[in-house]
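Enquirer: Below: sequence and its predicted model.
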Amino acid sequence: MRGAYDGGIASFLALALLCLFHTSCFVDGLLKCYCDICQETNHTCETDGYCFASTSLENDMKTYAWRCYDKVHFFPAPEYSVWCQANSTLYGPGGVEYVVDCCDHFDFCNRNLTPSFPSRGGPYSRLPRRVRSDGDDAAWVTWKMALMIAMPICVICVVVMVIYHVRKTPERPGNSDDSQEAPDRPILGGVTIRDMLEMTTSGSGSVGLPLLVQRSIARQIQLVETIGKGRFGEVWRGRWRGENVAVKIFSSREERSWFREAEIYQTVMLRHDNILGFIAADNKDNGTWTQLWLITDYHEKGSLFDYLNRSTVDTNGMIRMALSIATGLAHLHMEIVGTQGKPAIAHRDLKSKNILVKTNGTCAIGDLGLAVRHDVITDTVDIQLNNRVGTKRYMAPEVLEETINMNHFDSFKRADVYALGLILWEIARRCNVGGIHDEYQLPFYDLVPSDPTIEEMRKVVCTDRQRPSIPNRWQSIEALQVMSKVMKECWYHNAAARLTALRIKKSLANYGAMEDLK
């Protein structure tokens, strides 16, 4: 009987969780929108209502706008607006025609909206884009108002049921403190982080878990052990209800980096097998100072740097690793067009310490704190004012010489490809063929000190035009010969001559396919 009761509660709570993921249930913070006239705020506005895009037509001249639509302007009622629900051409003062699209699914959801007018010239040219009768409009408004009334009631019922269930649940013998901090006892009846991410990302291109859910997860994590340190702070292995997670804790002076990395990870359509999986971000005040947490998937094999230091790979493992990194970088660099589209992103700090090795031998790219996005509409790069710079050892010649065109997005992608070539060299050195392999070394280990300056790297890379040495024996092994050719084409001094990440991915995939056929 008790098991059936628990199962019913768990099912109800899981259903309620889906309800809470709906944006109308989420009230923590304002919606951010793309704003074409807000230059002083980096083309961003915030609203308690909707983001919108409009197309107006006056004297056969089209004008586009992307802005915020606050609740104070809603008409006829404060809960909804006919303006956003109209699906036909509207007419403003002076006979100006315009069409509007509103959205509130996620931040900057209006960025790629471009409403279009109905086709003109035929017998149906005056019809609206989507014809609905007055009765349909009334029914829609009624349904929307009913939902807005029902949602808060749903949330209240969930809270009451949770409180009732917790109070009725007896304490486990020998454990008086078995509340939300207990990692192995799921309150939501087996709903895991993976389940929740599937709910929010399947088919929707979602930006991730709602902030309330992120905060709830972050505050139930138990830190277990330190697994790394860097200039930003520390990385811990944590536990959340029996699951391992990685917790990157930023120092308070790195707040800008923390915010930026969380923002990039939550870019629409970014989730990918070869990009480190983002789970949550939260700022935790322990009474003395504020900790800034970034919670991601945990990979027990550690970074590529650590893995290559202690392990070798065979030729298949080398190609699999290289292909997975190229695939992840190609996805970052790719622009996906559409309402649920993804902007092109450049990493700007690609290195073996920022790549994680998964249990199946493939890799995932992490540490997106320095990444930049390309805004197609304005053809600009959203580069942040940040004290951090990339890792000097992996800087491309044009970065070292300060000749990179910061206003041209492709420049950043080409610098990423240069760094990828160095990483492929690191992997190739550890390729074990017939018991022969090289010891692990960082690129330029024999030419610069362990912590080189910009000037030292500039002399080696730009003035002397040196690159990591390629052993002669690599030319007698087909897989290493392929890797050598690819990495050389990533290293060209002329950035425009370098391969693209997509081309590298295809070259490695083609070689892998040929090997499978042998």
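Expert: Alright, I've got the coordinates. Residues are numbered from 1 along each chain as shown.
Enquirer: Tell me which residues of stretch 256-268 come out buried.
Expert: Residues 257-268 are the ones in stretch 256-268 that count as buried (16 or more other C-beta atoms under 10 Å). In short, each C-beta sits where N, CA and C put it, glycine included.
Enquirer: Now intersect those with the helices, please.
Expert: 257-265 (DSSP state H).
Enquirer: which one among those residues gets closest to Y64?
Expert: Using C-beta to C-beta, E263 is the member of those that lies nearest Y64, at 25.1 Å.
Enquirer: any idea how far the closest one is from I365?
Expert: Taking C-beta to C-beta, to the nearest Å as the criterion, E263 is separated from I365 by 17 Å.
Enquirer: Next: R498.
Expert: With C-beta to C-beta as the criterion, R498 and I365 are 18 Å apart.
Enquirer: Can you tell me the closest non-neighbouring residue to E255?
Expert: In space, not counting the residues next to it along the chain, E255 is nearest to L292; the distance is 6.0 Å by C-beta to C-beta, 6 or more residues apart in numbering.
Enquirer: count of neighbours near the one you found?
Expert: L292 has 23 neighbouring residues, counting by other C-beta atoms under 10 Å.
Enquirer: ok so, going back, go through the ones in helices among the buried residues of stretch 256-268 and say which is closest to L420.
Expert: Closest approach between these and L420, by C-beta to C-beta: I264, at 18.5 Å.
Enquirer: got the contact list for the closest one?
Expert: 270, 345, 368-369, 371, 373 (C-beta atoms under 8 Å, 6 or more residues apart in numbering).
Enquirer: Where does pLDDT dip in this protein?
Expert: 1-29, 75-82, 85-95, 118-191, 195-208, 286, 385-388, 517-518 (pLDDT under 70).
Enquirer: Would you state the helices of it in chain order?
Expert: Taking DSSP H to define them, one finds helices in the chain at 2-21, 82-85, 134-168, 193-201, 211-218, 255-265, 304-310, 315-333, 397-400, 409-429, 454-458, 478-490, 501-517.
Enquirer: Does anything pack onto the last one? Which helices or strands?
Expert: Right, helix 501-517. In terms of contacts (3 or more C-beta pairs under 8 Å, 6 or more residues apart in numbering; DSSP states H and E), helix 501-517 is packed against helix 315-333, helix 409-429, helix 478-490.
Enquirer: now the angle from that helix to helix 478-490?
Expert: If you take axes from the mean of the first three to the mean of the last three C-alpha atoms, to 10 degrees, helix 501-517 sits at 170 degrees to helix 478-490.
Enquirer: re the thing from before, residues touching the residue nearest to E255, list them.
Expert: 233, 249-252, 254-255, 258, 281, 283-284.
Enquirer: closest one to K62 among the helices and strands packed on helix 501-517?
Expert: Nearest to K62, of all the helices and strands packed on helix 501-517, is helix 409-429, at 26.3 Å by C-beta to C-beta.
Enquirer: Domain-wise, how is the chain divided?
Expert: Domain segmentation of the chain under automatic domain parsing yields 31-140, 181-297, 304-517.
Enquirer: Count the neighbours of M487 for me.
Expert: Neighbouring residues of M487 were enumerated by other C-beta under 10 Å; the total is 24.
Enquirer: do the same with T359
Expert: Using other C-beta under 10 Å, the number of residues around T359 comes to 8.
Enquirer: bridging residues for the residue nearest to C84 when sequence neighbours are not counted?
Expert: Spatial nearest neighbour of C84, excluding adjacent residues (C-beta to C-beta, 6+ apart): C102 at 3.8 Å. For C102, the beta-bridge partners are F52 (DSSP bridges).
Enquirer: from the contacts of L292, which would you call buried?
Expert: Buried by 16+ other C-beta under 10 Å: 233, 249-251, 254, 258, 281, out of the contacts of L292.
Enquirer: residues contacting C84?
Expert: Listed by C-beta under 8 Å, 6+ apart, the contact set of C84 reads 50, 52, 69, 100, 102.
Enquirer: Quickly list what the residue nearest to E255 is bridged to.
Expert: With beta bridges defined as DSSP bridges, L292 has these partners: F250, N283.
Enquirer: Check the one 4 residues further on too.
Expert: Note on T296: beta-bridge partners A246, F278, judged by DSSP bridges.
Enquirer: Could you check how far it is from I275?
Expert: According to C-beta to C-beta, T296 stands 10 Å off from I275.
Enquirer: overlap in contacts of the two?
Expert: Both T296 and I275 are contacted by G366, under the criterion C-beta under 8 Å, 6+ apart.
Enquirer: Would you agree W289 is in contact with S252?
Expert: Yes. Between W289 and S252 there is a contact at 5.9 Å, judged by C-beta atoms under 8 Å.
Enquirer: residues touching the residue nearest the centre of the chain, list them.
Expert: Of all residues in the chain, the one closest to the mean position by C-alpha atoms, centre = their mean is Y265, 2.6 Å from it. Counting by C-beta under 8 Å, 6+ apart, Y265 touches 208, 278, 281, 294, 296, 368.
Enquirer: Let's have those in JSON lines, adding distance to A326.
Expert: Shown next, in JSON lines, are the contacts of Y265 (distance: C-beta to C-beta, whole Å):
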{"residue": "G208", "distance to A326": "25"}
{"residue": "F278", "distance to A326": "21"}
{"residue": "A281", "distance to A326": "28"}
{"residue": "L294", "distance to A326": "25"}
{"residue": "T296", "distance to A326": "21"}
{"residue": "L368", "distance to A326": "17"}
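Enquirer: Of those - the most surrounded one?
Expert: L294 (27 neighbours).
Enquirer: In space, what's closest to that one - neighbours in sequence excluded?
Expert: Per C-beta to C-beta, 6+ apart, closest to L294 is K248, 4.3 Å.
Enquirer: ok, that neighbour - how many residues close by?
Expert: 22.
Enquirer: F444 contacts D464, doesn't it?
Expert: No. At 10.8 Å, F444 does not count as touching D464 under the criterion of C-beta under 8 Å.
Enquirer: Counting neighbours, go ahead and name the busier of those two.
Expert: Between F444 and D464, F444 has the larger neighbour count (other C-beta under 10 Å), namely 21 against 10.
Enquirer: roughly how far apart are the more buried one and D367?
Expert: Counting by C-beta to C-beta - F444 and D367 are separated by 21 Å.
Enquirer: give me the number of residues near the residue nearest to C84?
Expert: The number of residues packed near C102 is 20, by other C-beta under 10 Å.
Enquirer: how close does it sit to V72?
Expert: Using C-beta to C-beta, we find C102 at a distance of 15 Å from V72.
Enquirer: what do you get for Y492?
Expert: Going from Y492 to V72 by C-beta to C-beta gives 56 Å.
Enquirer: swap in L356?
Expert: 46 Å.
Enquirer: who has more neighbours, the two?
Expert: A side-by-side neighbour count of L356 and V72, using other C-beta under 10 Å, places L356 first with 26 against 9.
Enquirer: Contacts only, for the nearest residue to that one once chain neighbours are set aside.
Expert: Nearest non-adjacent residue to L356, counting by C-beta to C-beta, 6+ apart: H299, 4.3 Å away. Going by C-beta under 8 Å, 6+ apart, H299 touches 246, 356-359, 364.
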